[in-house]
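1. below: sequence and its predicted model.
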Amino acid sequence: MGRLTASRGALALLLVFAACGGDDDGGDGASAAADCEVGQTDGDLALYNWSEYIDPELISAFEDEHGVSVTEDFYDSNEAMQPVIAAGSSGFDVIVPSDYMVSILIEGGDIMPLNKAAIPNYSNLATEFATGLPYDPEAAYVAPYQWGTTGLGVDKAVLGEDFPRSWGLAFDADLAEQYGLDGSISLLNDPRETMGAALKYLGYSLNTTSEAELDEARDLVADAVARVAAFDSDSYDENLASGQTAVAHGYSGNFFVQFDEADDPDQYEYFVPDEGGTRWVDNMAVVADAPHPCTAHAFIDFLLDAENGAALTNWNYYASPNAAAEEFIDPEILEDPAVYPTDLSKLEFISDTGDFEVNYSDAFAEARG
């Protein structure tokens, strides 16, 4: 989201959530979490998550199994979530940050180390996800939730079959004219994802710390603004399926759900452009001052159960980091290379660039105007 809009939105959220959290019965969350036992709860759960990312039936099953209620609030980017949590007293127990944001939250002391003794299903994770990822090298703070890619969804009724699988569909004026895409393109309302897509198109790393390269990407996005229908992280998949757009930048699983529900699923295609794109892992973390850290740990353990992990993937079409879940995942999903890509060579994780992060937000805001 644009820097000015993000600041105002975050401020409003901070005031609301600080007010909600101020009278909470939570204490020292990390100390309390150290004493949590398997399945123990200490109150209702407040979940702060991406929208449409968890099967409501899983929420109901957790509530029934543990005798608690779950309230959900949603964010559309890591940058919208982070200031709410960093301010403290948010009232949230569990959040679902992406890889690079985990590093920022750890550094800020905003999430607590997990009590693995209360999460026996952590052992269900595949080795590459359980033994420490770059953003949590000691595997101490988070439990991977789902993983996927960011790319383009397209309407082949507009583009036909023989079109370049390139970020140029979003950024190249000549291609937009050739395929009649003016006003039919959407880009994510996310500084790291959208600037990253432009950087990949230009042949650069999406984690560049070169001001010159980022400036070039900024200018590319700025040039595309006149052809873009919306910067949208919430309904890009629905707008593609309804014909409001023909090219949409977004997350793999959201597209697959929409395509599966379409009258003619073959009309649509999702792909990571030839220039490469983002591979990401979203993770479950317990907020440092969570009012109910034991319920938070019970919830994480519940979702890491093999059958529950499979139900999550079967519902949202994102790849599961849960090795034990694979036997319960729909074979069509498990064998789909668009969901579980075999060639990861052109994909990058977004990483925390430290003090350079603000440059991405500034460049995105400047590009949007």
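-> On my side now, so go ahead.

2. for the protein, what's the longest strand?
-> Within the chain, and with DSSP state E defining each element, the longest strand by residue count is strand 143-155.

3. what segments of the stretch 151-300 of the chain are helices?
-> 156-159, 168-171, 173-179, 191-201, 211-224, 236-241, 252-261, 293-303 (DSSP state H, counting those that start in this stretch).

4. save those helices as a markdown table, and put in mean neighbour count, distance to G354 and mean pLDDT too.
-> All C-beta spots, glycine's among them, are computed from the backbone N, C-alpha and C. Listed next are those as a markdown table, based on neighbours: other Cβ atoms under 10 Å; distance: least, Cβ to Cβ, whole Å; pLDDT from 0 to 100:
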| stretch | mean neighbour count | distance to G354 | mean pLDDT |
| --- | --- | --- | --- |
| helix 156-159 | 15 | 39 | 98 |
| helix 168-171 | 22 | 27 | 99 |
| helix 173-179 | 15 | 34 | 98 |
| helix 191-201 | 26 | 13 | 98 |
| helix 211-224 | 18 | 14 | 99 |
| helix 236-241 | 23 | 30 | 97 |
| helix 252-261 | 21 | 28 | 94 |
| helix 293-303 | 25 | 28 | 99 |
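
5. point me to the residue sitting farthest from the middle of this structure.
-> Q178 (32.3 Å; Cα atoms, centre = their mean).

6. next, find the distance separating it from P56.
-> 42 Å (Cβ to Cβ, to the nearest Å).

7. again with A306
-> On the measure of Cβ to Cβ, A306 and P56 end up 20 Å apart.

8. show me the domain layout of this protein.
-> Using automatic domain parsing, the domain parsing of the chain gives 3-145+281-342, 148-279+349-368.

9. what residue ranges in the chain score low on pLDDT?
-> Applying pLDDT under 70 to the chain picks out residues 1-28.

10. what ranges does the protein have for its strands?
-> Counting by DSSP E, the strands of the chain are 45-50, 70-75, 94-95, 143-155, 185-187, 228-231, 247-251, 268-271, 277-286, 347-348.

11. switch the ones you listed over to a markdown table; also include distance to V221 and mean neighbour count.
-> Formatted as a markdown table, the strands of the chain follow (distance: least, Cβ to Cβ, whole Å; neighbours: other Cβ atoms under 10 Å):
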| stretch | distance to V221 | mean neighbour count |
| --- | --- | --- |
| strand 45-50 | 23 | 23 |
| strand 70-75 | 22 | 17 |
| strand 94-95 | 28 | 28 |
| strand 143-155 | 15 | 24 |
| strand 185-187 | 8 | 25 |
| strand 228-231 | 9 | 20 |
| strand 247-251 | 11 | 28 |
| strand 268-271 | 20 | 20 |
| strand 277-286 | 16 | 25 |
| strand 347-348 | 18 | 18 |
